[in-house]
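> Make a model of this:
(one chain, ligands or ions: 1)
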Amino acid sequence: MAQRIDGRQIAEDVVAQVKERATKLIADKNIQPGLAVIIVGVDPASQVYVASKSKKAKECGFKSVQHTLPADTSEADLLALIANLNADKSIHGILVQLPLPGHIDSGRVIQTIAPEKDVDGFHFVNVGKLVTGETETAFVPCTPAGSMILIERVRGKDLSGLTAVVVGRSNIVGKPMASLLLGANCTVTVAHSRTKDLPAVCRTADILVAAVGRPEMVKGDWVKPGATVIDVGINRISTPDGKTRLVGDVDFAEAEKVAGAITPVPGGVGPMTIALLMANTLVSAYLAAGLERPRF
Ligand SMILES: Nc1nc2c(c(=O)[nH]1)N[C@@H](CN(C=O)c1ccc(C(=O)N[C@@H](CCC(=O)O)C(=O)O)cc1)CN2
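This is a model prediction of the structure:
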């Protein structure tokens, strides 16, 4: 049976380190990291995630500001708010919760955030830095950055020569995940809906990352014995008793019989996303003060 990777515990460890370093930054330099989180509309899941982010920021000792805007907010008003936050010296990180309502161009919104405050790592400047290996000043998207920490906890820091397969090619998870694994000297394949014989491709992976958004798609016989399986999917499905439950993109019951280590859903990658947002905000405050980048 595979080792279950406890994302909640590892996220707590990361948050504890962030809190300790934030406390020191405040004491030594009188700089309090500041995070502004913006939500537009009333998507229930987004409301939960944003509330968790604001709460966690407070726990870390950060200045935590939440802007809750109505669903019919104009793009111009949202861009004006971001411009104000870009100019606000007490704010080191700006996060706009996705998805945004359909009348707002998410791309334009993301590109309006100052790259040095883009703690989501979605701005072209940060994407370019990640792809080119400019990791001193890059912000890496929180979900892949958190997934890398989980992988390193299981396999150690040296992933050199391992075969990695990332299933999914989104800008938020799949592509940055592939860049991180490549940066760690893995041999990386990005698989997707048009990949031929996806099960066979997945079976080549020492590290298998599933980020497709399809409930329990990755079956046990897609997993190489002993592989590390990172399940990024968070899918709510209906159960026969009329309730709902969360499942990942991996069929956990099958895969845990084959894998060496595997993340559960919930309690795997999800908590790391919020922990890495705290880490990125701390990094932003350090870099703004001209200090050496803290590593996690
Ligand atoms: N601007 C952003 N928007 C979105 C991001 C993001 O990184 N930046 N990611 C996702 C949602 N997300 C954070 O925003 C997120 C998703 C899930 C979790 C999490 O902890 N999940 C729990 C289960 C929660 C539940 O019970 O529903 C888990 O997996 O254990 C945290 C953050 C989309 N939008």
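
> since we're on the nearest residue to residue 192 once chain neighbours are set aside, how many residues are nearby?
Nearest non-adjacent residue to residue 192, counting by CB to CB, 6 or more residues apart in numbering: residue 169, 4.8 Å away. In short, each C-beta sits where N, CA and C put it, glycine included. Residue 169: 18 surrounding residues under other CB atoms under 10 Å.

> and what of the one 4 residues further on?
Taking other CB under 10 Å as the neighbour definition, residue 173 ends up with a count of 25.

> what about it, distance to the ligand?
Using CB to the nearest ligand atom, to the nearest Å, we find residue 173 at a distance of 8 Å from the ligand.

> and the residue nearest to residue 192, which of the three is it?
Look at residue 169: counting by DSSP: H, G, I helix; E, B strand; the rest coil, its state is coil.

> And whichever helix or strand residue 9 is part of, what's buried?
If you go by DSSP states H and E, residue 9 is part of helix 7-29. Across helix 7-29, burial judged by 16 or more other CB atoms under 10 Å covers 7, 10-11, 14-15, 17-19, 21-22, 25.

> any chance of those residues in JSON lines, plus pLDDT?
Shown next, in JSON lines, are the buried residues of helix 7-29 (pLDDT from 0 to 100):
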{"residue": "7", "pLDDT": "98"}
{"residue": "10", "pLDDT": "98"}
{"residue": "11", "pLDDT": "98"}
{"residue": "14", "pLDDT": "98"}
{"residue": "15", "pLDDT": "98"}
{"residue": "17", "pLDDT": "98"}
{"residue": "18", "pLDDT": "98"}
{"residue": "19", "pLDDT": "98"}
{"residue": "21", "pLDDT": "98"}
{"residue": "22", "pLDDT": "98"}
{"residue": "25", "pLDDT": "98"}
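
> and which of those is nearest the ligand?
residue 7 (6.7 Å; CB to the nearest ligand atom).

> wait, residue 184 sits on residue 160?
Yes: using CB atoms under 8 Å, residue 184 makes contact with residue 160 at a distance of 7.2 Å.

> Those two - which one has more neighbours?
Comparing residue 184 with residue 160 by other CB under 10 Å, the one with more neighbours is residue 184, at 19 against 9.

> Could you find the closest non-adjacent residue to that one?
Using CB to CB, 6+ apart and skipping residues adjacent in sequence, the residue nearest residue 184 is residue 159, 4.3 Å away.

> would residue 39 count as being in a strand?
Yes: assigned with three-state DSSP, residue 39 falls within a strand.

> so what's it scoring on pLDDT?
For residue 39, the pLDDT comes out at 98.

> burial of it, as a residue count?
22.

> Could I get the contacting residues of it?
Applying CB atoms under 8 Å, 6 or more residues apart in numbering, we find residue 39 in contact with 46-47, 50, 66-69, 97.

> Also near the ligand: which of those residues, exactly?
residue 97 (CB under 6 Å from any ligand atom).

> now the contacts of residue 39: which count as buried?
Applying 16+ other CB under 10 Å to these flags 46, 50, 66-67, 69, 97 as buried.

> Mind checking which of these land in strands?
Among the buried ones among the contacts of residue 39, DSSP state E puts 66-67, 69 in strands.

> The closest residue to residue 259 other than its chain neighbours: neighbour count?
Closest residue in space to residue 259, ignoring its immediate chain neighbours: residue 2 at 4.0 Å, by CB to CB, 6+ apart. Using other CB under 10 Å, residue 2 has 20 neighbouring residues.

> Surely residue 2 and residue 229 touch.
Yes: counting by CB under 8 Å, residue 2 touches residue 229, with 7.4 Å between them.
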